[in-house]
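Peer 1: Okay, structure incoming, though there's no sequence with it:
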């Protein structure tokens, strides 16, 4: 009988999470997750790298191109001051490290859910999502950030010109709705 999983190989769960195969015994695959947690699966619940690639049908390569063409990145709603948006983004990055990464990742997750690509969520790269985010205009990025924080873009940009304490308060208030997601995002590997 042919062995599907070899020790040290990457195995994929149906939700896209990756594991390293530690041992295969009698139809059970013993694995380690990227954070070191050990787990086990019935062999039929996992896919090999080749099976996973065939399942995604090459959609991974076009995922980040689709994100770049997403309406939120292409055309921001309303007219915003580009210089003030740039100043705001720099201030946000300084006051709340990781918030812009979280914004980029959240936007990508929403786009994938809307397009029916939930099976690729496990492969989503924070670094690549942030690269797509940074390639967008400052106005578009400020608009996306304002949407995440639940405020109007012009109000957020205006607050960017004021003191750090006001900006921290706006960040804290806006992130309250996403507290659990932001906390779990912090433990996600940056790849």
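Peer 2: Alright, I've got the coordinates. Bear in mind the structure is a predicted one, so any value in this text is a computation, not a measurement.

Peer 1: Quick check: the gap between residue 66 and residue 50.
Peer 2: 24 Å (CB to CB, to the nearest Å). In short, each C-beta sits where N, CA and C put it, glycine included.

Peer 1: These two - which one has more neighbours?
Peer 2: residue 66 (15 against 9; other CB atoms under 10 Å).

Peer 1: That one contacts residue 108, correct?
Peer 2: No - using CB atoms under 8 Å, residue 66 makes no contact with residue 108, being 9.6 Å away.

Peer 1: Low-confidence ranges, this structure, go.
Peer 2: Applying pLDDT under 70 to the chain picks out residues 1-2, 15-16, 53-62, 71-72, 74-78.

Peer 1: Show the contacting residues for the most centrally placed residue in the chain.
Peer 2: For the chain, residue 105 is the residue whose C-alpha lies nearest the centre (CA atoms, centre = their mean; 2.7 Å). Taking CB atoms under 8 Å, 6 or more residues apart in numbering, we find residue 105 in contact with 124, 126, 129, 130, 185, 188.

Peer 1: Now do the strands in the chain.
Peer 2: 10-13, 18-25, 28-32, 38-42, 46-47 (DSSP state E).

Peer 1: Let me have those strands in JSON lines, adding mean neighbour count as columns.
Peer 2: Listed next are the strands of the chain as JSON lines, based on neighbours: other CB atoms under 10 Å:
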{"stretch": "strand 10-13", "mean neighbour count": "19"}
{"stretch": "strand 18-25", "mean neighbour count": "16"}
{"stretch": "strand 28-32", "mean neighbour count": "17"}
{"stretch": "strand 38-42", "mean neighbour count": "13"}
{"stretch": "strand 46-47", "mean neighbour count": "20"}
